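**Q** From the sequence below, what's the structure:
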Amino acid sequence: MAKKGVRITITLECTECRTNVSKRSNGVSRYTTQKNRRNTTGRMELKKFCTHCNRHTVHKETK
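**A** Below is the predicted model:
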């Protein structure tokens, strides 16, 4: 059984690939990471490399 802790696993998704359907190839760039629920209560945004856009773009936390 999983531990009930403060750290949770989240998914980060590329905002460029998600919004531009014509520009999108076979998928959307996604990363998984962990965050501390107490320190970061809002949704996380990080600049990560998108393999579909071939550049660094903003990745936002999804549900």
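
**Q** I'd like to check what contacts the helix or strand residue 57 falls within. Which residues are they?
**A** Here residue 57, judged by DSSP states H and E, is contained in strand 55-62. Applying C-beta atoms under 8 Å, 6 or more residues apart in numbering, the external contacts of strand 55-62 come out as 10-17, 29, 31, 35, 43-50. C-betas here are computed from N, CA, C, even on glycine.

**Q** how about 7 Å then?
**A** 10-16, 31, 43-50 (C-beta atoms under 7 Å, 6 or more residues apart in numbering).

**Q** What of stretch 34-50?
**A** 6-10, 12, 14, 16-17, 29, 31, 56-61.

**Q** rerun that using 6 Å as the cut-off
**A** 6-10, 14, 29, 31, 56-61 (C-beta atoms under 6 Å, 6 or more residues apart in numbering).

**Q** Now do the phi/psi pair for the residue nearest to residue 58 when sequence neighbours are not counted.
**A** Among residues not flanking residue 58 along the chain, residue 15 sits closest, at 5.2 Å (C-beta to C-beta, 6 or more residues apart in numbering). Note on residue 15: its backbone torsions stand at phi -80, psi -30 [degrees, to the nearest 10].

**Q** What count of nearby residues applies to residue 15?
**A** If you count neighbours by other C-beta atoms under 10 Å, residue 15 ends up with 16.

**Q** Next, find the distance separating it from residue 47.
**A** 11 Å (C-beta to C-beta, to the nearest Å).

**Q** One more: residue 7?
**A** Taking C-beta to C-beta, one finds residue 7 at 22 Å from residue 47.

**Q** so where does the spatially most central residue of the chain fall, helix or strand?
**A** Of all residues in the chain, the one closest to the mean position by C-alpha atoms, centre = their mean is residue 12, 0.7 Å from it. Assessed by DSSP H and E, residue 12 sits inside strand 7-14.
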